[in-house]
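Peer 1: Task: produce atomic coordinates for the following.
(one chain, ligands or ions: 2)
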Amino acid sequence: MIRLTLSEAHSLACSILLHNGFCADHAKAVSDTIVAGERDGCASHGLYRVLGCVSSLKAGKVVADARPEVVDQAPSIVRVDAGGGFSQLAFQAGLPLLQAKTHSNGIAALAINRCVHFSALWVEIEQLAEAGLVALAFTPSHAWVAPAGGHRPVFGTNPIAFGWPRAGQHPYVFDFATSAIARGDIELHRRAGKAIPEGWGVDEHGQPSTDPNVVLDRGAMLTFGGHKGSALAAMVELIAGPLIGDLTSAESLAHADGSKASPYHGELLIALDPRRFLGDAADQHLARAEAVFESIEGQGARLPSARRYAARARSLVEGVEIPQALYHDLRALLA
Ligand SMILES: NC(=O)C1=CN([C@@H]2O[C@H](COP(=O)(O)OP(=O)(O)OC[C@H]3O[C@@H](n4cnc5c(N)ncnc54)[C@H](OP(=O)(O)O)[C@@H]3O)[C@@H](O)[C@H]2O)C=CC1
Ligand SMILES: O=C(O)C1=NCCCC1
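Peer 2: Ligands and ions are numbered 1, 2, ... in the order given. As a prediction, this is how the structure comes out:
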């Protein structure tokens, strides 16, 4: 393993993106989320993703200097046209108006369109929850996941993230793929030459497979929780696809046209302001919510994101470790 400080990790990511043709704003915004992923122990959305950014660019499937355009779509809706660039700058561009509309109306949505998307959603949800808002985010990906009862890919890995603000501590955040596991994790198993657990995927005949090559290249991934995860995956396709006038996971995969490019589609975020729901009673009710978290932790269970926040605290002191092979592949992109 190779150990890097967070600042070394950021310079490595940023210099690769710049060297390969991304403009400075995208290189920085993308490196911020990639290094946040590595820092928080989310290797599937950490430095490994730099490889996909560069291959998406080489395939002509991402605009390296896209300028997001913010549209004031409706009293409670902000739309950002990412112009074929990565989603991070588009989110940053839409965030102030989303927050302002949420404060005015109590609830508002941000629809990001025409973005290339590869990042973990907690990065965005945490910012909204840190600002005192309850937040949800959804995005499709490429059609890699079979519906419950079938074996042909229809859905993306379609993550759902939720954030809840907490006074004086990190927000409560969960963020999971509606597939049994993120595709990035299966890709990391393949890179490490490791089998995957049963339940993550099937072969082309619908038979269980623990071979990442079979699941990734010929078979299908599975949803989590059978028909329940399948229905949630369909919901994400609908509300972060046709509802916002953007591509489904099947359409995104067709757009990639056989390349290994990251998915191209939209993202939907919804924010709610407890102060508009509750007025002066907001603090009292948010304090009551703490009993829910206490009763989870009080019996030895952990909150989602607790592992991530602990990894963050460690990485800030110790830096991060990445596999030697990944470091080698990243350095090769500087040649
Ligand atoms: N942009 C895109 O198109 C896509 C992005 N992704 C991203 O991939 C990432 C990983 O997804 P996935 O593989 O499903 O994630 P995981 O299954 O690793 O984790 C999902 C969530 O469950 C929490 N969790 C895990 N174990 C426990 C436990 N024992 N008790 C309580 N909570 C727990 C995690 O918290 P903790 O982190 O603290 O362990 C996390 O919030 C996500 O960040 C997602 O946004 C996924 C699909 C597509
Ligand atoms: O890990 C995943 O699943 C994905 N991550 C980024 C975009 C494609 C799907």
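Peer 1: domains in the protein, as residue ranges please.
Peer 2: 1-58+305-335, 66-179+223-304 (automatic domain parsing).
Peer 1: Which one, of those domains, ends up nearest to residue 200?
Peer 2: Between residue 200 and the domains of the chain, the shortest separation by C-beta to C-beta is 7.9 Å, and it involves domain 66-179+223-304. From N, CA and C alone the C-beta is placed, and that goes for glycine too.
Peer 1: measure the closest one end to end?
Peer 2: 34 Å (C-alpha to C-alpha, to the nearest Å).
Peer 1: Is ligand 2 within reach of it?
Peer 2: Yes - applying C-beta under 6 Å from any ligand atom, one finds domain 66-179+223-304 touching ligand 2 at 118, 141, 157, 177, 262-263.
Peer 1: for stretch 193-201, same thing?
Peer 2: No - Stretch 193-201 lies out of reach of ligand 2 by C-beta under 6 Å from any ligand atom, never closer than 11.4 Å.
Peer 1: That stretch: end-to-end distance?
Peer 2: 16 Å.
Peer 1: before we move on, what about stretch 298-317?
Peer 2: Rule used - C-alpha to C-alpha; the end-to-end distance of stretch 298-317 is 29 Å.
Peer 1: And the helices in the protein?
Peer 2: Assigned by DSSP state H, the chain shows helices spanning 6-19, 24-39, 49-58, 87-105, 122-130, 183-192, 212-217, 226-239, 249-256, 274-278, 282-297, 306-318, 324-332.
Peer 1: who wins for proximity to ligand 1 among the ones you listed?
Peer 2: Ligand 1 sits nearest to helix 306-318 of all these, at 3.4 Å, using C-beta to the nearest ligand atom.
Peer 1: For the closest one, what is the distance to the chain centroid?
Peer 2: 19 Å (C-alpha atoms, centre = their mean, to the nearest Å).
Peer 1: Name the residue closest to the centre of this structure, please.
Peer 2: Taking C-alpha atoms, centre = their mean, the centroid of the chain lies closest to residue 120, which sits 2.3 Å from it.
Peer 1: contacting residues for that residue?
Peer 2: 33, 36-37, 42, 45, 159, 175 (C-beta atoms under 8 Å, 6 or more residues apart in numbering).
Peer 1: What distance do you get for it to residue 173?
Peer 2: 10 Å (C-beta to C-beta, to the nearest Å).
Peer 1: With residue 104 instead?
Peer 2: The value you get for residue 104 to residue 173, if C-beta to C-beta is used, is 25 Å.
Peer 1: restrict the residues of domain 66-179+223-304 next to ligand 2 to those near ligand 1?
Peer 2: 118, 141, 157, 177, 263.
Peer 1: I'd like to check which residues are in contact with residue 21.
Peer 2: Neighbours of residue 21 in contact, by C-beta under 8 Å, 6+ apart: 57, 64.
Peer 1: Which pLDDT value does the model give it?
Peer 2: You'll see residue 21 listed with a pLDDT of 98.
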